[in-house]
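Peer 1: Next come a sequence and a model predicted from it.
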Amino acid sequence: MRLLALSATLLALAATTAPASAQGPAPLAAEGCLGCHGPEGRGVAGGIAIAGRDRAELVAIMTAFRANERPGTIMGRIARGYTDAEIAAVAEHFSRIR
């Protein structure tokens, strides 16, 4: 009985603390972006905001980083670890944040 009550409490807490701007949970691949691009990808000192940017633009940028066609401090190395599907999911996620 206590486990059921605890589960219900945790679910209610998760629902009230989820960011209103996000359209569903972030794909796991997007979680790696938050360290440099800030909460929800909204940017931090030294990390450019990626939230709300055009999906196609984000795909093009990540693809260019992955192909070493765009200069970056660390993004080229990071982007090489993403598949086309992960890049698409990350771009879709961040493009929906308002």
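Peer 2: Cool, got the structure.
Peer 1: Please count neighbours and contacts with C-alpha atoms only from this point.
Peer 2: Will do.
Peer 1: Pull the number of nearby residues for Ser95.
Peer 2: Burial measure for Ser95: 21 neighbouring residues, criterion other C-alpha atoms under 10 Å.
Peer 1: Hmm, I typed the wrong one, I wanted Ile74.
Peer 2: Around Ile74 there are 9 other residues, counting by other C-alpha under 10 Å.
Peer 1: try Asp54
Peer 2: Number of residues near Asp54 (other C-alpha under 10 Å) recorded here: 15.
Peer 1: OK, contacts around the residue nearest the centre of the chain?
Peer 2: Averaging the C-alpha coordinates of the chain gives a centre point, and the residue nearest to it by C-alpha atoms, centre = their mean is Ala30 (3.1 Å). When contacts are counted by C-alpha atoms under 8 Å, 6 or more residues apart in numbering, Ala30 is found next to Ala89, Val90, His93.
Peer 1: So it: helix, strand or coil?
Peer 2: In three-state terms, and counting by DSSP: H, G, I helix; E, B strand; the rest coil, Ala30 is helix.
Peer 1: Let me know the pLDDT of it.
Peer 2: The pLDDT attached to Ala30 in the predicted structure is 93.
Peer 1: In helices, which of the contacts of Ala30 appear?
Peer 2: Using DSSP state H, the members of the contacts of Ala30 that fall in helices are Ala89, Val90, His93.
Peer 1: Using a markdown table, lay out those together with neighbour count and distance to Ala64.
Peer 2: Converted to a markdown table, the ones in helices among the contacts of Ala30 look like this (neighbours: other C-alpha atoms under 10 Å; distance: C-alpha to C-alpha, whole Å):
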| residue | neighbour count | distance to Ala64 |
| --- | --- | --- |
| Ala89 | 19 | 16 |
| Val90 | 24 | 15 |
| His93 | 23 | 19 |
